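Colleague: Could you work out the structure for the sequence below:
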Amino acid sequence: MTQDYQPAGPLWLSAIIAALPVIVLLVTLGVLRRSAHLSAALALVVSLVVALVVYKMPVGLTFDSAAMGIAFGVWNVIWIAFHAVYFHNVTVATGRFETVKSVLAGFSPDRRLQALLIAFAFGALLEGI
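Modeller: Okay, here's the model as predicted:
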């Protein structure tokens, strides 16, 4: 079976339809201010509908792809979160967390800048470790 890259006719229309799950996710998160899990579930439903109805993907393959995407996404989050908590616990147990905290707090007296530094730099450090 040959995949049709333009199921809706013009390429621009097919691209917009293919982008619907992302658009739904961003609109429900940013504009409608819904929770992340609700927005993600709604985007998943939209992507299943687009795959089944517009792109005529086989049902079994559609749900297999969705299950693999969910498992892959959840596994990465759990993997990073587990090791971030483990690293945090090790630094607290060895007494080095106070050193890290004082270094991060010493960069600027502005609390907003400290929050940005911690979010980006410390978060990247935890992911890297």
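Colleague: what helix or strand is residue 101 on?
Modeller: Assigned by DSSP states H and E, residue 101 belongs to helix 97-105.
Colleague: Against residue 25, how distant is residue 32?
Modeller: 11 Å (C-beta to C-beta, to the nearest Å). Every C-beta, even on glycine, is put in place using the N, C-alpha and C of the backbone.
Colleague: Looking at those two, which is more packed in?
Modeller: residue 25 (20 against 11; other C-beta atoms under 10 Å).
Colleague: which ones are touching the more buried one?
Modeller: 39, 40, 42, 43 (C-beta atoms under 8 Å, 6 or more residues apart in numbering).
Colleague: For residue 107, see how far away it is.
Modeller: 34 Å.
Colleague: repeat for residue 42
Modeller: 40 Å.
Colleague: So the two - more neighbours on which side?
Modeller: Looking at residue 42 and residue 107 with other C-beta under 10 Å, you find the greater number of neighbours at residue 42, namely 18 against 12.
Colleague: The helix holding residue 101: what's the following helix or strand?
Modeller: helix 111-117.
Colleague: Show me what counts as buried in that following helix.
Modeller: residue 117 (16 or more other C-beta atoms under 10 Å).
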